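Turn this into a model:
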Amino acid sequence: MGDIANITLIGLLAGVLGTGLGGLAALIVRRPSHQLISFVLGFAGGIMLAIVLVDLVPEAMEIGGFIPAMLGMVAGTALVLLIDLYLPHSHFLEGSNEHASEDYDSKDHSSYVRTGAMLGLGIAMHNLPEGIAIGAGYVASPLVGLGLAITISLHNIPEGMCMATPMSIGGLKISKTLFYTGLAGVPMGIGAFIGATISHISPLFLSIALGFAAGAMLYIIFDELIPDAQRIAQGHSGTFGAVFGVIVGVLILSLLH
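Reported below is the predicted structural model:
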């Protein structure tokens, strides 16, 4: 149980620090530029893609074979898809959406706060499967788990920024804004506990859990991170971020191994 408790704590810190730092950055910058958010989203997506293809999928197949790994990938993709359908949280970056930054000046203050709260709810729900990925990754290898924790925490920074910006503009106190953005990361600790617990049962469950993590990450990369990075990019900021992220991810994994 000691290992599971430590993994849970790491998942909790990754979630809370990621969204919390994003909230703090939004309070400092006030209205972060699309170029900055685009680069960070692309960078996070690139590192995450490297981890999935270089570590998670090969590890899942080596431990349990092709079928358990693929079943896990399908399950991970399906769960995040269902969450995304009922609690979307990042596509407010689209210019036509009512949450886009261009609409800030036309909304009343209470509407800003509600916008941030709804985004926070969606972010919290998405953090659960991401936490499962961290838990499964740590059971397979502390290096894989650490890489996932750092990457997902980085991915949560722009989400925390996007959650905190409307809250800040709506006049919510700084202390409350930071509290709520950090709170959105708590489910990641719960997910890490679930992922670590399931993965400890047997090698077969570990293989499925790693596949689940890979599927969830791939969905987030290709449905959310890369498209949103490109949608709000100024010039090639999203592309540069993604390419740089892949290079950095492969380099880090090579050095760790």
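
Following the chain past the longest helix seen in the chain, name the next helix or strand.
In the chain, taking DSSP state H as the definition, the longest helix is helix 109-140. Later in the chain than helix 109-140, the nearest helix or strand by DSSP states H and E is helix 142-169.

residues of the longest helix of the chain that come out buried?
Buried residues in helix 109-140, defined by neighbour count with 16 or more other CB atoms under 10 Å: 111-113, 115-120, 122-140. Bear in mind the C-beta positions are built from the backbone N, C-alpha and C, glycine included.

For it, give the mean pLDDT please.
Averaged over helix 109-140, pLDDT sits at 82.

Then stretch 154-166?
Here the average pLDDT along stretch 154-166 is 81.

Could you export it as PDB, CA atoms only?
Extracted C-alpha coordinates of stretch 154-166, given in PDB (Å, rounded to 0.1, in the frame of the first residue of the first chain):
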ATOM      1  CA  LEU A 154       2.500  20.600 -18.100                       C
ATOM      2  CA  HIS A 155      -0.600  20.000 -20.200                       C
ATOM      3  CA  ASN A 156      -2.800  21.200 -17.200                       C
ATOM      4  CA  ILE A 157      -1.100  24.600 -17.100                       C
ATOM      5  CA  PRO A 158      -2.900  26.100 -20.100                       C
ATOM      6  CA  GLU A 159      -6.100  24.500 -18.900                       C
ATOM      7  CA  GLY A 160      -5.700  26.200 -15.600                       C
ATOM      8  CA  MET A 161      -5.000  29.400 -17.400                       C
ATOM      9  CA  CYS A 162      -8.100  29.100 -19.500                       C
ATOM     10  CA  MET A 163     -10.200  28.300 -16.400                       C
ATOM     11  CA  ALA A 164      -8.800  31.200 -14.300                       C
ATOM     12  CA  THR A 165      -8.900  33.900 -16.900                       C
ATOM     13  CA  PRO A 166     -12.700  34.300 -17.000                       C
END
